[in-house]
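# Got a sequence here, can you build the structure:
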Amino acid sequence: MRTFTIEEVRSKKQLKDFIYFPEKLYKNEPNWVHPLYSDEFGVLSSKNPAFEFCEAVYWLAKDENGQVIGRIAAIINHHANRDWNEKIVRFGWLDFVEDEDLLRALIAKVVEWGKSKGMEKVKGPLGFSDMDKEGLLVEGFEHLSPSTCIYNFPYYGELLEKVGFRKDADWTQRVIELSDKLPAMFQYADLVKSRFGLKEMPKKHGKELFQTGYDLFHVLNDSFSKLYEFTKLSEKQIDVYVKQYIPFINQDLSSFVLNEKDEVVAFCICIPSLSKAYRKSKGRLFPFGFIPLLHALRKNDTLEALLIGCLPEYQGKGAQVLMFKHVHEGAIKFGIKKLIMNPQLETNTKVQTLFGEYEAVPFMRRRSYIMEIGETPAE
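Below you'll find the model as predicted:
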């Protein structure tokens with residue numbers, strides 16, 4: 001039986017150990033992708049604007065030699081609990097060596113803390129918001145992980161079920177081939193424009209593009225409002241994400257759809273896959289980690305869809321035809337051959353059927369688990 005201790009993360013040294021532990025755990029796993037560590041520090045530190053309505057605690061597990069063998073975060077998103085009328089403590093950033101007792105001890109910390117805060121259930125893996133990585137990988141372990149998604153060993157899900165968790169929701173990811181010939185459905189693009197008054201946004205730069213970024217996240221707030229555990233991003237969160245993501249957008253590979261008033265009503269944000277670049281740079285931009293990142297942005301055969309959204313009143317009016325036509329044309333321009341879709345709720349039939357004539361192939365499946373607080377994993 002393994003001997004270990006669990007300690008709360010309180011110091012900068014402990015936070016560093018918490019963030020870098022997966023690098024050691026997955027050192028021999030070719031499909032795991034390093035996170036961008038500067039982003040990890042930003043999300044997990046007090047600089048994260050989500051702390052205006054969230055509270056969190058992190059723990060490390062160490063063996064008898066003082067080596068880190070596990071980690072977990074507990075998060076209470078008070079806005080989400082208010083919006084969904086529930087008392088949930090989330091767990092996230094879960095990583096551990098294969099040991100059921102160790103997992104029980106880590107989950108027990110989350111349960112104990114959540115119970116002290118009046119929570120009734122545990123869900124996860126989830127982050128502070130939908131912009132964080134969420135959903136345990138349960139299918140597709142043989143594929144290189146998208147850089148924006150969780151990768152974990154197969155034993156994670158098996159042991160979570162052993163300690164009392166059950167499925168709460170699944171997201172699926174699919175991959176589509178992007179040939180040099182556009183699908184026939186795009187012939188209706190002009191009809192969509194004339195009938196519904198929609199149009200593609202022309203290229204913008206500087207302040208105009210940043211303003212479009214703010215508009216994008218406001219559309220996201222409205223279009224995602226009824227999706228699993230979603231809660232609207234605050235203005236401070238939106239400000240952070242606009243500054244973080246908009247500079248990387250290639251407007252040939254992302255699409256914004258406008259109405260007759262030039263308001264953003266739908267969007268599809270795609271970027272060239274950064275997974276191989278993050279592995280080469282080991283998640284560090286400096287001193288030379290930015291070089292493979294820049295190369296991946298310029299020359300790549302794989303595209304990743306990060307965000308797709310459409311205001312409810314414009315759903316079913318063909319906005320996706322304009323978006324995907326624009327993205328596919330951009331893919332042909334840059335020699336991109338396939339597109340990995342972002343995780344999509346398996347119950348969200350509207351988005352699951354968006355891709356019409358494309359032959360979407362299953363790629364990965366992710367799962368959120370739930371457990372009643374009373375079902376203590378220590379028993």
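# Now do the strands in this structure.
Per DSSP state E, the chain carries strands over the ranges 4-8, 54-63, 68-77, 88-96, 121-124, 136-139, 166-177, 199-200, 255-258, 264-272, 302-310, 338-340, 344-345, 361-372.
# so where do the helices sit in this structure?
12-25, 37-44, 78-84, 100-116, 155-162, 189-196, 206-223, 235-245, 275-281, 290-298, 319-334, 349-352 (DSSP state H).
# Turn those helices into a markdown table, including mean pLDDT and distance to residue 306.
C-betas here are computed from N, CA, C, even on glycine. A markdown table is the format used below for the helices of the chain (pLDDT from 0 to 100; distance: least, Cβ to Cβ, whole Å):
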| stretch | mean pLDDT | distance to residue 306 |
| --- | --- | --- |
| helix 12-25 | 98 | 21 |
| helix 37-44 | 95 | 14 |
| helix 78-84 | 96 | 21 |
| helix 100-116 | 97 | 29 |
| helix 155-162 | 98 | 24 |
| helix 189-196 | 93 | 23 |
| helix 206-223 | 92 | 11 |
| helix 235-245 | 93 | 8 |
| helix 275-281 | 96 | 13 |
| helix 290-298 | 92 | 13 |
| helix 319-334 | 94 | 12 |
| helix 349-352 | 72 | 14 |
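# could you dump those to JSON lines with distance to residue 132 and mean neighbour count?
Compiled in JSON lines, those are given as follows (distance: least, Cβ to Cβ, whole Å; neighbours: other Cβ atoms under 10 Å):
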{"stretch": "helix 12-25", "distance to residue 132": "14", "mean neighbour count": "16"}
{"stretch": "helix 37-44", "distance to residue 132": "6", "mean neighbour count": "17"}
{"stretch": "helix 78-84", "distance to residue 132": "12", "mean neighbour count": "16"}
{"stretch": "helix 100-116", "distance to residue 132": "16", "mean neighbour count": "19"}
{"stretch": "helix 155-162", "distance to residue 132": "17", "mean neighbour count": "17"}
{"stretch": "helix 189-196", "distance to residue 132": "34", "mean neighbour count": "14"}
{"stretch": "helix 206-223", "distance to residue 132": "14", "mean neighbour count": "18"}
{"stretch": "helix 235-245", "distance to residue 132": "11", "mean neighbour count": "16"}
{"stretch": "helix 275-281", "distance to residue 132": "17", "mean neighbour count": "20"}
{"stretch": "helix 290-298", "distance to residue 132": "21", "mean neighbour count": "14"}
{"stretch": "helix 319-334", "distance to residue 132": "25", "mean neighbour count": "21"}
{"stretch": "helix 349-352", "distance to residue 132": "20", "mean neighbour count": "14"}
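# Ok, which of those comes nearest residue 146?
Closest to residue 146 of the helices of the chain, according to Cβ to Cβ: helix 275-281, at 6.2 Å.
# helices and strands around the closest one, which ones?
Applying 3 or more Cβ pairs under 8 Å, 6 or more residues apart in numbering; DSSP states H and E, we find helix 275-281 packed against helix 290-298.
# what about the helix it packs on, distance to the chain center?
21 Å (Cα atoms, centre = their mean, to the nearest Å).
# Please name the nearest non-neighbouring residue to residue 43.
Ranked by Cβ to Cβ, 6 or more residues apart in numbering and with sequence neighbours excluded, the top spatial neighbour of residue 43 is residue 132, at 6.4 Å.
# Does the one you found touch residue 40 like I think?
No - counting by Cβ atoms under 8 Å, residue 132 sits too far from residue 40 to count as a contact (10.2 Å).
# Common neighbours of those two, please.
Common contact partners of residue 132 and residue 40 (Cβ atoms under 8 Å, 6 or more residues apart in numbering): none.
# what's the nearest residue to residue 72 once chain neighbours are set aside in contact with, if anything?
Of all residues not flanking residue 72 in the chain, residue 106 sits nearest, at 4.4 Å (Cβ to Cβ, 6+ apart). Contacts for residue 106 (Cβ under 8 Å, 6+ apart) come out as 6, 59, 61, 70-72, 94, 96.
# Columns pLDDT and neighbour count on top of the residues you listed, output as CSV?
Formatted as CSV, these follow (pLDDT from 0 to 100; neighbours: other Cβ atoms under 10 Å):
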residue, pLDDT, neighbour count
6, 98, 16
59, 98, 21
61, 98, 25
70, 98, 22
71, 98, 24
72, 98, 25
94, 98, 20
96, 98, 24
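# Residue 68 versus residue 137, what's the distance?
21 Å (Cβ to Cβ, to the nearest Å).
# what's the answer for residue 319, then?
47 Å.
# Over to residue 233?
For residue 233 relative to residue 68 (Cβ to Cβ), the value is 32 Å.
# what's the answer for residue 91, then?
Computed as Cβ to Cβ, the residue 91 to residue 68 distance reads 17 Å.
# ok, now residue 96?
Distance from residue 96 to residue 68, by Cβ to Cβ: 10 Å.
# Residue 368 contacts residue 126, doesn't it?
Yes - if you go by Cβ under 8 Å, residue 368 and residue 126 touch, sitting 6.4 Å apart.
# dump the residue contacts of the nearest residue to residue 302 once chain neighbours are set aside.
Nearest non-adjacent residue to residue 302, counting by Cβ to Cβ, 6+ apart: residue 273, 4.1 Å away. Neighbouring residues of residue 273 by Cβ under 8 Å, 6+ apart: 146-147, 296, 300, 302-304, 340.
# Next one, pLDDT for residue 273 please.
Predicted confidence (pLDDT) for residue 273: 96.
# Repeat that for residue 359.
pLDDT, read off for residue 359, is 85.
# Would you agree it is in contact with residue 177?
Yes - using Cβ under 8 Å, residue 359 makes contact with residue 177 at a distance of 7.1 Å.
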